[in-house]
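> From the sequence below, what's the structure:
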Amino acid sequence: MTMSASESTRRSAGIEMTGIEIIEESERTARPRNLFLPWFASNISVFGMSYGAFVLGFGISFWQATVATLLGVVVSFIFCGVIAMAGKRGSAPTMVASRAAFGVQGNKVPGIISWITSIGWETSLAISAVLATATVFSRLGWSSGATVKVIAAIVVALLIVLGAVAGYHIIMRMQSVLTWVTGIVTIIYLVMAVRAIHWDAVAAIPPGPWQSVVGALTMVMTG
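I've put the predicted structure just below:
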């Protein structure tokens, strides 16, 4: 099929034009190693920094939380990797390839669930990003009132929307910068925060029941 002039212009501008159709072999130019940048940047987000508090919130010890976190991350990404192979072999997005298992009409149910889940996580990330911005401004002694939160919310919303319509190459260029920035900032944050940790208090947290460990493990896998 020949692209129209407007489609060609949008594609050259970096706007994603591919929908649910089969991805042409000529357009599949990336390699598995290219996934490091977007996955690293997304998993080192401000929301990820909250996981430590969330996991300990299950009433388990530090070492139980560490084991649950390590297992949860490893197991969940093994599932992601295995499932992703279907998309590679089928040359289609996940929610299109899953029609083979559920049927065209039946696939609407997991499609709706996936959409709701995505909306929920995007909302949580956006809220965490806004609150994190206000906290940083407050700690630096700058203004951190409602105005800062409103501006931060607008900026975050714009980034989410623009990222949704951007093409693959634009997203990868953005991630090549964001990955390094977020990685460096996270290391600086850890260096600054580790000095304030009372390790004796951390070690004194009593262990919790195995049911709580499973709950924490499930939350990490889901996240």
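
> What is the lengthiest helix in the chain packed up against?
Secondary structure assigned by DSSP state H gives helix 108-139 as the longest helix of the chain. Packed against helix 108-139 by the contact rule (3 or more C-beta pairs under 8 Å, 6 or more residues apart in numbering; DSSP states H and E) you find helix 94-97, helix 146-165. Bear in mind the C-beta positions are built from the backbone N, C-alpha and C, glycine included.

> Relative to Thr179, how far out is Leu56?
28 Å (C-beta to C-beta, to the nearest Å).

> Show the contacting residues for the closest residue in space to Phe137 that isn't next to it in sequence.
Among residues not flanking Phe137 along the chain, Ser144 sits closest, at 4.2 Å (C-beta to C-beta, 6 or more residues apart in numbering). Going by C-beta atoms under 8 Å, 6 or more residues apart in numbering, Ser144 touches Ala134, Thr135, Phe137, Ser138.

> any idea how far the third one is from Val181?
Shown here: Phe137 relative to Val181, a distance of 18 Å by C-beta to C-beta.

> got it, and the second one?
As judged by C-beta to C-beta, Thr135 and Val181 stand 18 Å apart.

> Same question for Leu35.
From Leu35 over to Val181 the distance is 19 Å, taken as C-beta to C-beta.

> the more surrounded of these two?
Leu35 (14 against 10; other C-beta atoms under 10 Å).

> So the more buried one versus Val130, what's the distance?
Distance from Leu35 to Val130, by C-beta to C-beta: 28 Å.

> same deal with Thr94?
Thr94 is 29 Å from Val130, by C-beta to C-beta.

> same deal with Ala65?
For Ala65 relative to Val130 (C-beta to C-beta), the value is 27 Å.

> The two: which is more packed in?
Using other C-beta under 10 Å as the criterion, Ala65 and Val130 rank with Ala65 on top: 27 against 21.

> residues contacting Val220?
With C-beta under 8 Å, 6+ apart, Val220 has these contacts: Tyr51, Val55, Ala68, Thr69, Leu71, Gly72, Val73, Ser76.

> Quick one, grab the pLDDT at the fifth one.
In this case it means Leu71. Predicted confidence (pLDDT) for Leu71: 93.

> Can you list which of the contacts of Val220 are found in helices?
Short answer: these in helices (DSSP H) are Tyr51, Val55, Ala68, Thr69, Leu71, Gly72, Val73, Ser76.

> Give the closest residue to Ser61 in space, chain neighbours not counted.
Using C-beta to C-beta, 6+ apart, the closest residue to Ser61 is Pro207 (4.2 Å).

> what's around that neighbour, how many residues?
Going by other C-beta under 10 Å, the residues that sit close to Pro207 add up to 14.

> can you pull the pLDDT of it?
92.

> ok, now Ser6?
Predicted confidence (pLDDT) for Ser6: 51.

> Tell me which of the helices and strands packed on helix 108-139 lies nearest to Arg31.
helix 94-97 (19.2 Å; C-beta to C-beta).

> contacting residues around the following helix or strand past that closest one?
Note on helix 94-97: by DSSP states H and E, the next helix or strand toward the C-terminus is helix 99-102. With C-beta under 8 Å, 6+ apart as the test, helix 99-102 has contacts from Gly90, Asn107, Val109, Pro110.
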